[in-house]
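Novice: Turn this into a structure:
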Amino acid sequence: MKDLSSIKEFVNLVLEQDATLEQEQIKITCVLIMSSDAHVPDTLTRIRALPTVTVVGQKEPVNRQSGTNTTLEIYVKFLPSSSKTYKNLTSVGNLIKSLPDVKIVKIVAADGRPVQYKGKPIVL
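Specialist: Have a look, this model is predicted:
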């Protein structure tokens with residue numbers, strides 16, 4: 001019975017610990033310009049697998065125009081790796097842009113506020 005009481009002690013210790021994140025997540029809204037034959041579910045899955053990314057979702061229906069690019073508006077929550085906002089935004093934007101079929105990433109908002117750098121939109 002000593003083992004059972006040790007297990008109970010350990011479980012109680014774990015349950016009493018603070019389980020909140022040490023840092024806040026940043027939520028960005030992006031518009032992706034992708035190749036015309038891009039598979040959106042695969043792209044969203046690949047984004048979910050990127051380092052620091054915690055949540056990905058689609059904001060608007062996919063816009064496909066025959067023979068041209070596919071446009072997709074998404075939101076991404078991620079854990080910032082730096083204290084500098086611009087560096088965090090470009091870092092996650094470049095990770096997304098490195099994925100297959102993604103041509104352009106335009107970051108339009110961060111934490112619900114429109115975002116620009118030196119008066120211009122952040123386009124990667």
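Novice: Tell me, how many residues neighbour the residue nearest to residue 71 when sequence neighbours are not counted?
Specialist: Nearest non-adjacent residue to residue 71, counting by Cβ to Cβ, 6 or more residues apart in numbering: residue 63, 4.1 Å away. (C-beta placed from N, C-alpha, C; glycine too.) Residue 63 has 13 neighbours, counted by other Cβ atoms under 10 Å.
Novice: confidence score at residue 63?
Specialist: Per-residue confidence (pLDDT) for residue 63: 87.
Novice: what about the residue positioned nearest the centre of the chain, which helix or strand?
Specialist: With distances taken as Cα atoms, centre = their mean, the residue of the chain nearest its centroid is residue 76 (3.0 Å). Assigned by DSSP states H and E, residue 76 belongs to strand 70-78.
Novice: Who are the packing partners of that strand?
Specialist: With contacts taken as 3 or more Cβ pairs under 8 Å, 6 or more residues apart in numbering; DSSP states H and E, strand 70-78 sits against strand 26-34, helix 40-48, strand 53-58, strand 63-64, helix 85-97.
Novice: lowest-confidence stretch among these?
Specialist: strand 63-64 (a mean of 86).
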